[in-house]
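A.B. asks: show me the folded form of this:
(one chain, ligands or ions: 1)
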Amino acid sequence: MEPNNDILVKVEGLSKKFCKDLKTSLWYGVQDLFAAVRGNANERQLRPKEFWAVKDVSFELRRGECLGLIGHNGAGKSTLLKILNGLINPDAGSVTIKGKVGALIELGAGFNPILSGRENIYNNGAILGFTRKEIDTKLDAIIDFAEIREFIDMPVQHYSSGMKVRLGFAIAAQMEPDVLIIDEVLAVGDLGFVLKCFKTIDQLLPNTAVIFVSHSMVMISRICNDIMLLNHGEVQYCGKNVSKGIELYYKTFANKEGNVVFDDGSIELISCQVISEGGNDIINWNENLMIKLHFRMLNLDKMPFIKVFIFDKEERPVALIPNYDMYNQETSIASNINVSVNISNIQLTMGVYSIAIEMHEDNNKNPIYRQNNICTFSVSAEHDYWPAFCLDATWVVN
Ligand SMILES: Nc1ncnc2c1ncn2[C@@H]1O[C@H](COP(=O)(O)OP(=O)(O)OP(=O)(O)O)[C@@H](O)[C@H]1O
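C.D. replies: Have a look, this model is predicted:
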């Protein structure tokens, strides 16, 4: 048995370039072939229409480590995984992988579509280096894990996307690989299956190195203890601070524009401001926060029912502040209203949040006004955590 902290994946200076147009790419292919024969290949330079899909990527992964690979569409994540899995050759750099590799890269890739699920289990098992006898002993566990016993003798080409990913993950996981590579495919599984995958990855992790690509920061933060952020093929951040990697990823997609979703002309929202005790828009964790609203009543003579929503950077609503205390109070048409909403000890974690406002004539009636992303504010804190709240609790030893 190898020591627990042995390096299973070692990637050094890995680069891969592609060409943006097919004709030129084929011509470069021919040139490269001759250059390689003459032994003077100049792989590190880009020619017209070429670009780096992966550039100078290096990292190491040990047993028990799960690397989350994140980045915008086209950042180079799948290309990197395909190089790791030996599906494409890099132009520069090296990859060293120890042990058995289980990979779920493209939906249905690795399956022969005209063979049944059962036959594909034997094929994939053989590719992973298992004998027929070994696969026989794992067959039932794979079929049960995938929950597709009814359809196991049906050709894989007739499987739904979810069924394909179930079978692929079941094979990869039940074969107990040393290195498990998972591309975004889990996104097509239903919640029940995703939860099962999380549990399985938790169980495998002590003996496995996992590389996991996802656009879901919820999944990344749930299972990864290392993170790599790719930006146009280059590593923007690589390290153990998963929250920092996620925060940097979010910064690439900052949405600063507000949008009115609904406005029936009853009210004009003039301004919305979020301010800290110190009077600026950066709030320290556990500090008091004030939201100042200024609006004009155009066609209403009673205070509307107002819901102030706080959204996180992934546009998940994390808090709601309703004005139960003051709605329905008498006002007059054409009056200007200034409202302060005071929130004590805000315990949201570090990051950028946005405000949305919805107003109703009455608690139970349809909205008369809704605007998203009206303004943003930042919470600063000593530590960067993924969950939305870090509660100021008292710990007592009893
Ligand atoms: N075979 C290929 N030939 C030419 N360009 C390619 C090829 N494969 C990938 N690319 C390009 O390389 C870049 C990286 O693609 P890749 O699929 O690795 O991105 P990704 O980070 O996985 O994106 P996504 O989040 O959309 O899955 C993209 O610009 C893509 O168009």
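A.B. asks: am I right that residue 352 sits in a helix?
C.D. replies: No. Residue assignment for residue 352, taken from DSSP: H, G, I helix; E, B strand; the rest coil, gives strand, which places it outside any helix.
A.B. asks: so what touches stretch 111-123?
C.D. replies: Residues outside stretch 111-123 that contact it (C-beta atoms under 8 Å, 6 or more residues apart in numbering) are 124, 132, 135, 139, 142-143, 146, 148, 151-157, 159, 164, 167-168, 171. Yep, even glycine has a C-beta here, placed from its N, CA and C like the rest.
A.B. asks: buried among the residues you listed? Make that a ChimeraX selection.
C.D. replies: Restricted to the buried members of the contacts of stretch 111-123, where burial is judged by 16 or more other C-beta atoms under 10 Å, the ChimeraX selection command reads as follows:
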select :124,135,139,142,143,146,148,151,152,155,156,159,164,167,168,171
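A.B. asks: dump the residue contacts of residue 60.
C.D. replies: Shown in contact with residue 60 (C-beta under 8 Å, 6+ apart): 7, 9, 10, 11.
A.B. asks: tell me which element the last one is part of?
C.D. replies: Under the criterion of DSSP states H and E, residue 11 resides in strand 7-19.
A.B. asks: which elements pack onto that strand?
C.D. replies: Using 3 or more C-beta pairs under 8 Å, 6 or more residues apart in numbering; DSSP states H and E as the contact definition, the elements that strand 7-19 packs against are helix 22-38, strand 50-62, helix 77-84, strand 92-97, strand 209-213.
A.B. asks: now the very next helix or strand once past the shortest one: buried residues?
C.D. replies: In this case it means strand 209-213. On the C-terminal side of strand 209-213, the nearest following helix or strand under DSSP H and E is helix 217-223. For helix 217-223, the buried set under the neighbour-count rule, 16+ other C-beta under 10 Å, comprises 217, 219, 220, 221, 222, 223.
A.B. asks: give me the helices and strands touching helix 217-223, please.
C.D. replies: In terms of contact count using 3+ C-beta pairs under 8 Å, 6+ apart, helix 217-223 is assigned the packing partners strand 66-71, helix 191-204, strand 209-213, helix 242-251.
A.B. asks: is the last one up against the ligand anywhere?
C.D. replies: No. Using C-beta under 6 Å from any ligand atom, helix 242-251 stays clear of the ligand, with a minimum separation of 11.6 Å.
A.B. asks: can I get whichever helix or strand comes after that helix as CSV, trimmed to CA atoms?
C.D. replies: Next along the chain after helix 242-251, taking DSSP H and E as the criterion, comes strand 259-263. Coordinates of the C-alpha atoms in strand 259-263 are reproduced here as CSV (Å, rounded to 0.1, in the frame of the first residue of the first chain):
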residue,chain,number,x,y,z
ASN,A,259,-33.5,46.0,-14.5
VAL,A,260,-37.2,46.9,-14.0
VAL,A,261,-39.2,43.7,-14.3
PHE,A,262,-42.6,45.2,-13.6
ASP,A,263,-43.9,48.7,-13.2
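A.B. asks: contacting residues around strand 259-263?
C.D. replies: Counting by C-beta under 8 Å, 6+ apart, strand 259-263 makes contact with 367, 368, 369, 370, 371, 372, 373, all of which sit outside it.
A.B. asks: kindly tell me how buried the fourth one is, as a neighbour count.
C.D. replies: When you say that, I think you mean residue 370. For residue 370, the number of neighbouring residues by other C-beta atoms under 10 Å comes to 17.
A.B. asks: thinking it is in contact with residue 308, fair?
C.D. replies: No. Residue 370 sits out of contact with residue 308 when judged by C-beta atoms under 8 Å, with a separation of 11.6 Å.
A.B. asks: which residues are in contact with each of those two?
C.D. replies: Shared contacts of residue 370 and residue 308, counting by C-beta under 8 Å, 6+ apart, come down to 356, 357.
A.B. asks: about what we covered before: any idea which of the helices and strands packed on helix 217-223 gets closest to residue 19?
C.D. replies: strand 66-71 (21.0 Å; C-beta to C-beta).
A.B. asks: adjacent strands (with direction) for that closest one?
C.D. replies: Strand partners for strand 66-71, identified by DSSP bridges, are recorded as strand 209-213 (parallel), strand 226-231 (parallel).
A.B. asks: and stretch 197-211 with the ligand, contact?
C.D. replies: No. Contact of stretch 197-211 with the ligand is not found when judged by C-beta under 6 Å from any ligand atom; the minimum separation is 12.6 Å.
A.B. asks: next one: stretch 98-108
C.D. replies: No. Stretch 98-108 stays out of contact with the ligand when judged by C-beta under 6 Å from any ligand atom, the minimum separation being 9.9 Å.
A.B. asks: how far away is the residue of the chain positioned farthest from its centre from residue 302?
C.D. replies: Distance from the C-alpha centroid of the chain peaks at residue 332, with 48.3 Å (C-alpha atoms, centre = their mean). From residue 332 over to residue 302 the distance is 10 Å, taken as C-beta to C-beta, to the nearest Å.
A.B. asks: same check on residue 235?
C.D. replies: Distance from residue 235 to residue 302, by C-beta to C-beta: 57 Å.
A.B. asks: looking at these two, which is more packed in?
C.D. replies: Neighbour totals were compared for residue 235 and residue 302, and residue 235 leads with 17 against 14 (other C-beta under 10 Å).
A.B. asks: can you name the residues that contact that one?
C.D. replies: Applying C-beta under 8 Å, 6+ apart, one finds that residue 235 lies in contact with 56, 57, 58, 59, 228, 229.
A.B. asks: got a quick PyMOL command for the buried subset of these?
C.D. replies: In PyMOL, this line selects whichever of those come out buried by 16+ other C-beta under 10 Å:
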select buried, resi 57+59+228+229
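A.B. asks: relative to residue 178, which of the contacts of residue 235 is nearest.
C.D. replies: Residue 178 has its nearest neighbour among the contacts of residue 235 in residue 59, at 16.5 Å by C-beta to C-beta.
A.B. asks: thinking again about what came up before, alpha carbons of the strand holding residue 11, in CSV - could you do that?
C.D. replies: Backbone C-alpha positions of strand 7-19 (Å, rounded to 0.1, in the frame of the first residue of the first chain) are rendered in CSV as follows:
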residue,chain,number,x,y,z
ILE,A,7,1.2,12.3,-5.6
LEU,A,8,-1.2,10.6,-8.0
VAL,A,9,-1.3,13.4,-10.6
LYS,A,10,1.6,15.6,-11.5
VAL,A,11,1.1,18.2,-14.3
GLU,A,12,4.0,20.4,-15.4
GLY,A,13,3.9,23.3,-17.8
LEU,A,14,1.0,21.8,-19.8
SER,A,15,0.0,23.7,-22.9
LYS,A,16,-2.3,23.0,-25.8
LYS,A,17,-3.0,25.2,-28.8
PHE,A,18,-5.9,25.0,-31.3
CYS,A,19,-6.5,26.7,-34.5
